[in-house]
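Peer 1: Quick check, what structure comes out for this input:
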Amino acid sequence: VLFDLTEGKKYFEKWHNVLQGVSQVYEKRVDLEDPKSGVVDAKAVEPIVRWLLGNVDAKNGGFNAAPKYALPGVMEWAFLREDQGRLGLVDAARRTLKKMAASPLFDTRDGGFHRMAAAPDWGAIQYEKMLEGNVELIREFVFALREADDPALRDVLHDGDVLVTM
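Peer 2: Got it, this is the predicted structure:
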C-alpha cells in the first residue's frame, strides 16, 4: 500500500493541473445531483446476488468468464447474508480470493494485486496496480480470515510488507 501511495502522490504532483482541468470539464458536462440518503432494501440486493450465484466460475473462481477482478465488499456482504440465513455466497467469495492469491494477478515480487485479468483463467494481466482496489482487497482478505484461517490467504497479507495482524 505504501508503494501505491507513493506512486499516486508522484502522479498527482506531476499532473495536478491536468487533473484539475479534467475535473472542471467533468463538472460542467455532468448534471451532478446531491446525494440522497436511504436504505438499500432486499428488493435491490437480491437480483445482484442471484446474478453472482448464477455466474460463479466453478473452475477458476470469480464471477462470469472474464475479466477477472475482485468485487469490493463481496466477502462482508456474503457474511451478512449468511448471518440472515441466506447461504451460498461465502464459499464462492472465498474460492475467488484463493484463486486470485494463486494467480499471476498477485504480484509475488512486490506484493499487491494488478488491476485485472482479461482472461478467464486469471491470465492476460493488466499490470497497473490501483491503490483503491488493493485496499479493498486487503479488506476482503481480512474478512475471509476472520471467519477461518487459511495460510494461502494470510500469506497474501504478509507479502510485499503488507502486514495485517488479527
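
Peer 1: mind checking how far the residue of the chain positioned farthest from its centre is from G21?
Peer 2: The C-alpha centroid of the chain is most remote from K28, which lies 30.5 Å away (Cα atoms, centre = their mean). Using Cβ to Cβ, to the nearest Å, K28 is found at 11 Å from G21. For every residue, glycine as well, the C-beta is placed using N, CA and C.

Peer 1: what does the model give the closest residue to A119 other than its chain neighbours for pLDDT?
Peer 2: Counting by Cβ to Cβ, 6 or more residues apart in numbering, A119 lies nearest to A66, which is 5.6 Å off, once chain neighbours are set aside. On pLDDT, A66 comes in at 80.

Peer 1: which helix is the longest one in this protein?
Peer 2: helix 2-29 (DSSP state H).

Peer 1: Quick one: distance of whichever helix or strand comes after that helix to the chain centre.
Peer 2: Downstream of helix 2-29, the first helix or strand assigned by DSSP states H and E is helix 42-54. Mean C-alpha position of helix 42-54 versus that of the full chain (Cα atoms, centre = their mean, to the nearest Å) differs by 18 Å.
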